[in-house]
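**Student:** got a sequence here, can you build the structure:
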Amino acid sequence: MVANYAQCLFLLAQGAPDRRMPHAIRGFTPEEVAQMALYHDVGKVEIAQQIWTMPCRLAPEEYALMTAHTFFGARILLNTVLLPAARTQRGLEFRAAMADCCLCHHERWDGTGYPLGLAGESIPYLARLVAIADAYEAMTAGRPYQKAISRQQALRTISEGAGNQFDPILAGLFCAAQRNA
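**Tutor:** Alright, predicted model coming up:
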């Protein structure tokens, strides 16, 4: 579902008159953005499942390990051997964008996220899209440590996080579209 939400938000952002698509993502198709979003949490494969499925608050050392999934994911994607057909400039750009998404999807607009503490426009665009899609999916589908909430509650949370946790323009686009869906 994260991929579907990210793809829809990408399409909305392309059509927004007040937002210029960053050059680094402009050449990607909605399908490629969905594919990239599928891999945003690939780094969790390096963390014991019992940690990321715990139904309670993580201990500080478990939390530190969990936050490292962003680095693990970027490393996995950057160290994967490409098939000859993907060894093109476009293939390299695609893989770099996927790695940026893995690394930065937990950054926050106000700079208080992890792992790098990036803020605002310095957060890669795709990571900003995926952060919203991932948060919405986590809230509405639930997690072992958190019960699902209604779509309306999730949209309210994203709207309240606009400008703090989330890119305010993308959060506004996403919430408006989901309310009208």
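**Student:** the helices in the chain, which residues?
**Tutor:** 2-15, 23-26, 30-38, 49-52, 60-67, 69-79, 89-104, 125-141, 151-161, 168-179 (DSSP state H).
**Student:** pull out the buried residues from the third one.
**Tutor:** Neighbour-count burial for helix 30-38, counted by 16 or more other CB atoms under 10 Å, picks out 32-38. All C-beta atoms are positioned from the backbone trio N, CA, C, and that covers glycine.
**Student:** ok, now the fifth one?
**Tutor:** Using 16+ other CB under 10 Å as the test for burial, helix 60-67 gives 62, 65-66.
**Student:** list the contacts for V33?
**Tutor:** The contact partners of V33, by CB atoms under 8 Å, 6 or more residues apart in numbering, come to 6-7, 10, 25, 126, 129.
**Student:** from L118, how far off is it?
**Tutor:** Note on V33: its distance to L118, by CB to CB, to the nearest Å, is 20 Å.
**Student:** got the contact list for stretch 161-168?
**Tutor:** With CB under 8 Å, 6+ apart, stretch 161-168 has contacts from 108-110, 113, 123, 128, 131-132, 135, 158, 171-172, 175.
**Student:** in the chain, what helix or strand scores lowest on average pLDDT?
**Tutor:** helix 23-26 (a mean of 59; mean pLDDT, DSSP states H and E).
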